[in-house]
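Asker: Output the structure for:
(one chain, ligands or ions: 2)
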Amino acid sequence: MYKIKLMNKISKVGTDLFGQQYQIGEDIENEDGILVRSASLHDYQFPSTLLAIARAGAGVNNIPIDQCSEQGIVVFNTPGANANAVKELVLCALFLSSRQIVEGIDWVKTLKGQEGVGKLVEKGKSQFVGPEIDGKKLGIIGLGAIGVHVANAAIKLGMEVYGYDPYISVDAAWGMSKWVKNAQNMDTIFSECDYITLHAPSTPETKAMINQESIAKMKDGVRIINFARADLVDSQAVLEGIQKGKIKKYITDFATEDIIDQKDVIVMPHLGASTPESEDNCAIMAVKEMQDYLENGNITHSVNLPSVHEPRTTKYRICLIHKNVPNMLAQFATLFANKHINIENMVNKAKGEYAYTMIDTQDVVDCEELKNLDHVIQVRVIE
Ligand SMILES: NC(=O)C1=CN([C@@H]2O[C@H](COP(=O)(O)OP(=O)(O)OC[C@H]3O[C@@H](n4cnc5c(N)ncnc54)[C@H](O)[C@@H]3O)[C@@H](O)[C@H]2O)C=CC1
Ligand SMILES: O=C(O)C(=O)COP(=O)(O)O
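Answerer: Ligands and ions are numbered 1, 2, ... in the order given. Here you go, the predicted model:
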């Protein structure tokens, strides 16, 4: 029986995929796995039983990844599973940033009870004029699953799109319209674009990438959209930019106390991935990743360990998480050889400081001896 703790509401279409051998719930203790969306795990005390965390979504800044790696906990996310939902809301934000729709709607409500509403509307509507996006320049920072979706859609809407991503993946590049211009640096985005949208993860490198200095380089009347994470933007610098007339609008999916009621700021309650389609997609992907790891040791879409996938052909599979240092495989092989246990299949891959080895055998081995080897973090035998 595997125990799965739910830290957020996770779509039932996903959790239903767990079979009879799983106990799932919010009050589970000593869990083997955690399913989470945006709930913060930074102050959560991980039980020693915990093997894996699956984030049903993209951003993993709510999870202490380094601590997980040190404790041998595999962290998964669900790349691309909510990208379309976010793209659609970013397009909505693009229009909201241009056409003064929210302001106009709020104004119409103030006319309640007045005579001749129709006439009042026609007389007053000119205060809500806003430009079309067709032919304007859009700068996208971060060309991953969401950034590429946004880029391709914006091209279809007639925009001139500039993209910046120093770490773009081959898959993302293949999926992107050839009409997207490759910005070699962020300054090109800042100086050229009428609209700027952020789609990079929250990392020490991206923290406050929109700040006083970068705003100063932007065009007058720039519109900034942030559906990535709050900390990519220095909100005080944005409010200052709005006050000076440098920034026309700031639209974000992340509410912070200082911006929620400010003029020319539109704040949504983190709705980017909140569609039934994306909630289902993320939950299904997260559950499948978790199941395959718990039952077979296979790793797909982990942010802290390498992708490893091998079909099961033997009675036992020994899964080892260890430091990515020399001589580990030789030590494992020697230990098995000394016990006259034949290794039928062995796979080893590394990701950064950590590595993962799966060894398939027909005989069981003593985990304690493996655990006692230097640099071994976790040993698990799956039958
Ligand atoms: N508002 C919402 O509900 C949602 C927000 N997000 C946020 O959006 C982010 C992106 O999501 P995805 O596109 O699915 O992730 P992704 O991993 O597919 O793409 C992120 C891209 O950012 C790039 N990147 C990393 N550092 C960068 C830097 N310093 N400058 C420019 N680009 C950089 C990466 O190379 C990668 O191509 C997530 O990390 C999350 O924080 C994601 C989903 C929903
Ligand atoms: O996937 C992400 O990074 C998101 O921000 C979506 O968060 P959520 O799952 O809607 O709490």
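Asker: and the closest residue to I34 other than its chain neighbours, how far is that from ligand 2?
Answerer: Once flanking residues are discounted, I34 sits nearest to I53: 4.5 Å by C-beta to C-beta, 6 or more residues apart in numbering. Quick note: C-beta positions are derived from backbone N, CA and C, even for glycine. In this view, I53 and ligand 2 are 14 Å apart by C-beta to the nearest ligand atom, to the nearest Å.
Asker: Contact residues of this structure facing ligand 2?
Answerer: 37-38, 57-59, 82, 270, 272-274 (C-beta under 6 Å from any ligand atom).
Asker: Pick out the residue in the stretch 101-250 of the chain sitting closest to ligand 1.
Answerer: Proximity of the stretch 101-250 of the chain to ligand 1 (C-beta to the nearest ligand atom) peaks at G144, 1.6 Å away.
Asker: What is the burial count for the closest residue to that residue other than its chain neighbours?
Answerer: Take G144 and drop its neighbours on the chain: the residue closest to it by C-beta to C-beta, 6+ apart is A172, 5.8 Å away. The local packing of A172 (other C-beta atoms under 10 Å) involves 19 other residues.
Asker: hang on, the earlier thing: would you confirm that the residue of the stretch 101-250 of the chain closest to ligand 1 contacts S169?
Answerer: Yes: with contacts counted by C-beta atoms under 8 Å, G144 reaches S169, the gap being 7.2 Å.
Asker: Between those two, which has more neighbouring residues?
Answerer: G144 (20 against 14).
Asker: Checking Q378 next. Helix, strand or coil?
Answerer: strand (DSSP: H, G, I helix; E, B strand; the rest coil).
Asker: check contacts around it.
Answerer: 71-72, 319-321, 371 (C-beta atoms under 8 Å, 6 or more residues apart in numbering).
Asker: Point out the ones among those that are inside helices.
Answerer: K371 (DSSP state H).
Asker: among the contacts of Q378, which one has the lowest pLDDT?
Answerer: The lowest pLDDT within the contacts of Q378 belongs to K371, with 94.
Asker: Show me what the mean pLDDT comes to for the helix or strand that contains I34.
Answerer: Assigning secondary structure by DSSP states H and E places I34 in strand 33-36. Summarised as a single mean, pLDDT over strand 33-36 is 98.
Asker: ok, now stretch 303-316?
Answerer: 97.
Asker: Next: stretch 250-262.
Answerer: Computed over stretch 250-262, the mean pLDDT rounds to 97.
Asker: what do you get for stretch 3-20?
Answerer: 97.
Asker: ditto for stretch 120-136
Answerer: Averaging pLDDT along stretch 120-136 yields 98.
Asker: Alpha carbons only: can I get it in CSV?
Answerer: What follows is stretch 120-136, C-alpha atoms only, in CSV (Å, rounded to 0.1, in the frame of the first residue of the first chain):
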residue,chain,number,x,y,z
LEU,A,120,-24.1,58.7,-21.3
VAL,A,121,-22.1,55.8,-22.6
GLU,A,122,-21.7,57.2,-26.1
LYS,A,123,-20.6,60.6,-24.6
GLY,A,124,-18.1,59.2,-22.1
LYS,A,125,-16.6,56.2,-23.9
SER,A,126,-13.7,58.2,-25.5
GLN,A,127,-11.9,58.2,-22.2
PHE,A,128,-11.4,54.5,-22.7
VAL,A,129,-9.8,54.5,-26.1
GLY,A,130,-6.9,52.0,-26.4
PRO,A,131,-4.7,50.8,-29.2
GLU,A,132,-4.9,47.6,-31.3
ILE,A,133,-2.2,45.0,-30.8
ASP,A,134,-2.0,44.3,-34.6
GLY,A,135,1.4,45.5,-35.9
LYS,A,136,2.8,46.2,-32.4
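Asker: who touches that stretch?
Answerer: For stretch 120-136, the external contacting residues (C-beta under 8 Å, 6+ apart) are 94-95, 98-101, 103-104, 107-108, 111, 114, 154, 157-160, 194-195.
Asker: just stretch 248-259 next, same as before
Answerer: Identification of contacts with stretch 248-259 by C-beta under 8 Å, 6+ apart yields 89, 93, 96-98, 221-227, 229-230, 233, 235-236, 238-239, 242, 264-272.
Asker: now, which of those residues lie within helices?
Answerer: 89, 93, 96-98, 235-236, 238-239, 242.
Asker: which non-adjacent residue is nearest whichever residue of the stretch 251-383 of the chain sits closest to ligand 1?
Answerer: Sorted by distance to ligand 1 under C-beta to the nearest ligand atom, the residues of the stretch 251-383 of the chain start with G272, at 2.5 Å. In space, G272 comes closest to V86 once its chain neighbours are excluded; the distance is 4.1 Å by C-beta to C-beta, 6+ apart.
Asker: How about residues contacting the helix or strand hosting that neighbour?
Answerer: Assigned by DSSP H and E, V86 belongs to helix 83-99. Contacts to helix 83-99, defined as C-beta under 8 Å, 6+ apart, come from residues 58, 101-102, 128, 130-133, 138, 145-146, 149-150, 153-154, 157, 195, 197, 223, 225, 227, 248-249, 251, 253, 266, 268, 271-275, 277-278.
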